[in-house]
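A.B. asks: Attaching a predicted model along with its sequence, questions to come.
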Amino acid sequence: MGREQWKKIWVGSAGNMVEWFDWFVYASFAVYFADSFFPKGNDTANLMNTMGIFAVGFFMRPVGGWVLGRVGDRKGRKAALTLTVTLMSASAILIAVAPTYAVAGYGGVAVLLIARMLQGLSVGGEYAASATYLTEASAPGRRGFASSFQYVSMTAGQLLGLGLQILLQRTMSEEALHSWAWRIPFIIGALGAAIVFYLRRNMLETEVYAQDDSAHSDPERGTLKALWAHRREAFLVIALTMGGTVAYYTYTTYLTKYLSNSAGMDKPTASLVSFCALFVFMCIQPLAGKLSDRIGRRPLLITFAVGSTFLTVPIMTLLRHAGSFWPALGLALLALLVVTGYTSINACVKAELFPTGIRALGVALPYAIANALFGGTAEYVALWFKKGGIESGYYWYVAGCAAVSLIVYVTMRETKTIDLNRVKPTKQEPISSPQPAQSSPSGGTSQR
């Protein structure tokens, strides 16, 4: 792969890393600031309240997916990517300066809620804009490999958050972390967003979008009416996302809390398990993406769904009794290896389902809806089962969601050979039938 291709991958995913650093540090540091915004009392109840606000951010993602997906289809992928990182920077600053319950009562909760809504808007558009950009900017035979860097960057952002958490845990007292030090990652996130804003201001538009003749002439481009014409693809995105997003958030953002609250590990050890597992997970994404370019997307998706359906209950049960670092790490790695079948290629699969004029919105809105319903509520549902004394019920919930997605993966068509340059599929064309790839072999970008 040439230098220009790597540059496109870096520019397309660097902002994604900062966006997801901000998104995930909220979840990973929630154990420290949950008591700052609510009255002292039940730790689990306060954590549930804080994660309830976390879920609100997910419910703003469909709005962000609609607004920023429309921008991406009508104004370009560059415009959408620049706007998303601006919103994320604003939300990080708000969280960093939010007043505590002791200072402003529930006023701090209001600031936290507004910040999470802005984050939801931003991430709702970021996923689709990034997925679309990375997929369109790649040669036809390397779309799986290139788009896998979306989850490389997402995981890198989370690793930075976890790494910072481990550093703060080992250099600061528990009292300081609960009092004020939890604000540090949000300040860092705001600074990182400013750097990425500069990078994205100088990025190039994708060639696929720039050469689309309808980019400025079609009044229905990027509209809900245009998306409705591709409603079968949209519902397919929701269904194939369902199992993947629940499993992903279970073994990433929720894992540290699960090991701490349920398995009885101390917080530093739980954080270290998550960090090591996520690092390996990040490294294998491109390998799986490259494999999908050779054998297709469906085999990987089916492998993920079968593994999640039948292994979730035993893995989660064993994790609860792991007791120490190495057994917990081994089980976490097994779980994330299974999840890789989904994460490494889901971005390009969704982008490959839609024509250029509706691709950003087509990926953004259905994916955001699925995440609002299943991803954003995963931790809250897990804590709800725990509070009700039936924590194992959550394991079956995750397995059930994966089983539903398995049905979709088995019945859907292969997408890796679809031509991204097609403007409008014919009525007879199946929703994801293979077509000869006729994109520019360079997968290059051009300036509009």
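C.D. replies: Arrived safely.
A.B. asks: name the element residue 253 belongs to?
C.D. replies: Taking DSSP states H and E as the definition, residue 253 sits outside all helices and strands.
A.B. asks: what's the nearest residue to it if we skip its chain neighbours?
C.D. replies: residue 27 (4.0 Å; C-beta to C-beta, 6 or more residues apart in numbering). (Each C-beta comes from the backbone N, C-alpha and C, glycine too.)
A.B. asks: my guess is residue 164 contacts residue 189, does it?
C.D. replies: No - taking contacts as C-beta atoms under 8 Å, residue 164 lies outside contact range of residue 189: 9.9 Å.
A.B. asks: outside of the worst-scoring helix or strand of the chain on mean pLDDT, which residues touch it?
C.D. replies: In the chain, the helix or strand scored least confidently by mean pLDDT, DSSP states H and E is helix 43-59, which has a mean of 74. Under the contact criterion C-beta atoms under 8 Å, 6 or more residues apart in numbering, helix 43-59 has outside partners 23, 26-27, 30-31, 33-35, 37-38, 109, 112-113, 116-117, 119-120, 123, 257, 261, 371-372, 375-377, 379-380, 383-384, 386-387.
A.B. asks: Out of these, list just those in strands.
C.D. replies: Mapping these onto strands (DSSP state E) picks out no residues; all lie outside.
A.B. asks: Counting neighbours, what do you get for residue 169?
C.D. replies: 18 (other C-beta atoms under 10 Å).
A.B. asks: quick one: common contacting residues for residue 164 and residue 189?
C.D. replies: Common neighbours of residue 164 and residue 189 (C-beta under 8 Å, 6+ apart) are residue 25.
A.B. asks: Summarise which helices and strands the host helix or strand of residue 283 is packed against.
C.D. replies: In this assignment (DSSP H and E), residue 283 forms part of helix 267-295. Contacts defined by 3 or more C-beta pairs under 8 Å, 6 or more residues apart in numbering; DSSP states H and E place helix 267-295 against helix 143-147, helix 149-171, helix 255-261, helix 298-320, helix 325-343.
A.B. asks: what's the average pLDDT for the first one?
C.D. replies: Mean per-residue pLDDT for helix 143-147: 95.
A.B. asks: what about that helix, distance to the chain center?
C.D. replies: Here helix 143-147 shows a centroid-to-chain-centroid distance of 16 Å under the convention C-alpha atoms, centre = their mean, to the nearest Å.
A.B. asks: what's next to it, contact-wise?
C.D. replies: By C-beta under 8 Å, 6+ apart, the list of residues contacting helix 143-147 from outside reads 1, 5, 8-9, 131, 134-135, 137-138, 286, 289-293, 297, 344-345, 347-348, 351-352, 416, 420, 443.
A.B. asks: if you skip the residues just before and after it, what's nearest to residue 100?
C.D. replies: Among residues not flanking residue 100 along the chain, residue 36 sits closest, at 4.4 Å (C-beta to C-beta, 6+ apart).
A.B. asks: ditto for residue 345
C.D. replies: Spatially, and ignoring its direct neighbours in sequence, residue 345 is nearest to residue 292 (4.7 Å; C-beta to C-beta, 6+ apart).
A.B. asks: got the contact list for that neighbour?
C.D. replies: Going by C-beta under 8 Å, 6+ apart, residue 292 touches 144, 299-300, 344-345, 348, 416.
A.B. asks: for residue 26, same thing?
C.D. replies: 54, 57, 95, 116, 119.
A.B. asks: can you pull the contacts of residue 194?
C.D. replies: residue 89 are the contacts of residue 194 under C-beta under 8 Å, 6+ apart.
A.B. asks: which element is it on?
C.D. replies: Assigned by DSSP H and E, residue 194 falls in helix 184-201.
A.B. asks: Which strands or helices does the next helix-or-strand element following that helix pack on?
C.D. replies: Using DSSP H and E, the next helix or strand after helix 184-201 towards the C-terminus is helix 207-210. Counting contacts by 3+ C-beta pairs under 8 Å, 6+ apart, helix 207-210 packs against helix 107-136.
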